[in-house]
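Participant: predicted structure and sequence below. I'll ask about it afterward.
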Amino acid sequence: MTPRNLTPTYAVSPQITPDDVAAIKAAGFTRVICNRPDSEIPPELQAARMRELVEAAGMEFVLNPVIGGAITRENVAAQKEAMITATGPVFAYCASGNRSSIVWALGQAGEVEADTLIAAAAKWGYNLEPIRPALQNPNV
């Protein structure tokens, strides 16, 4: 597991395992956001188990399941709220890190230039070009 920092205080990653929790804590993260619905993963990686491990390590856990191709305004608002209320750096994960990148970018739309958001994700191989119109016109 390698945190893919999109900003100094927000990183994304593919699915984490129980063995990754200590490294996430050691990297200085204070909140972990799970963007992966339980229906996609085996029981040992589902939100309840990961919440237990993350909280036992002294971090906060937020569940914001994002369905690929069906991201809602509620997902974006929940991600943004989880980021701005965190007491330190935030680590978000899904299957690949892509959905965690998309909800982050959509939450920043209107505050950060679309090119900046797209470039931050592209550095890690995430293509946000398809959502450029939403990043440029977040109120549409």
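Facilitator: On my side now, so go ahead.
Participant: so residue 98 touches residue 126, yeah?
Facilitator: Yes. Using Cβ atoms under 8 Å, residue 98 and residue 126 qualify as a contacting pair, with a distance of 5.2 Å. (C-beta placed from N, C-alpha, C; glycine too.)
Participant: all the helices of the protein, in order from the start?
Facilitator: Remark: helices assigned in the chain by DSSP state H are 21-26, 47-56, 73-84, 98-108, 114-122, 132-136.
Participant: next, format these as CSV and append mean neighbour count, mean pLDDT and distance to residue 35.
Facilitator: Shown next, in CSV, are these (neighbours: other Cβ atoms under 10 Å; pLDDT from 0 to 100; distance: least, Cβ to Cβ, whole Å):
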stretch, mean neighbour count, mean pLDDT, distance to residue 35
helix 21-26, 16, 97, 15
helix 47-56, 16, 97, 10
helix 73-84, 17, 96, 8
helix 98-108, 25, 96, 5
helix 114-122, 18, 97, 14
helix 132-136, 16, 93, 17
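Participant: closest one to residue 62 among those?
Facilitator: Of all the helices of the chain, it is helix 73-84 that lies closest to residue 62, at 4.4 Å by Cβ to Cβ.
Participant: could you dump stretch 24-31 to CSV, C-alpha only?
Facilitator: Coordinates of each C-alpha in stretch 24-31 appear next as CSV, following Å, rounded to 0.1, in the frame of the first residue of the first chain:
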residue,chain,number,x,y,z
ILE,A,24,-1.3,4.3,7.4
LYS,A,25,-1.1,5.4,11.0
ALA,A,26,2.7,5.6,10.9
ALA,A,27,2.4,7.8,7.8
GLY,A,28,0.5,10.4,9.9
PHE,A,29,-3.0,9.9,8.7
THR,A,30,-5.8,10.7,11.2
ARG,A,31,-8.8,9.7,9.3
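Participant: hang on, the earlier thing: now the helices of the chain as TSV including distance to residue 65?
Facilitator: Converted to TSV, those look like this (distance: least, Cβ to Cβ, whole Å):
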stretch	distance to residue 65
helix 21-26	19
helix 47-56	8
helix 73-84	8
helix 98-108	9
helix 114-122	20
helix 132-136	20
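Participant: quick one: which of these is nearest residue 15?
Facilitator: When these are ranked by proximity to residue 15 (Cβ to Cβ), helix 47-56 comes first, at 9.5 Å.
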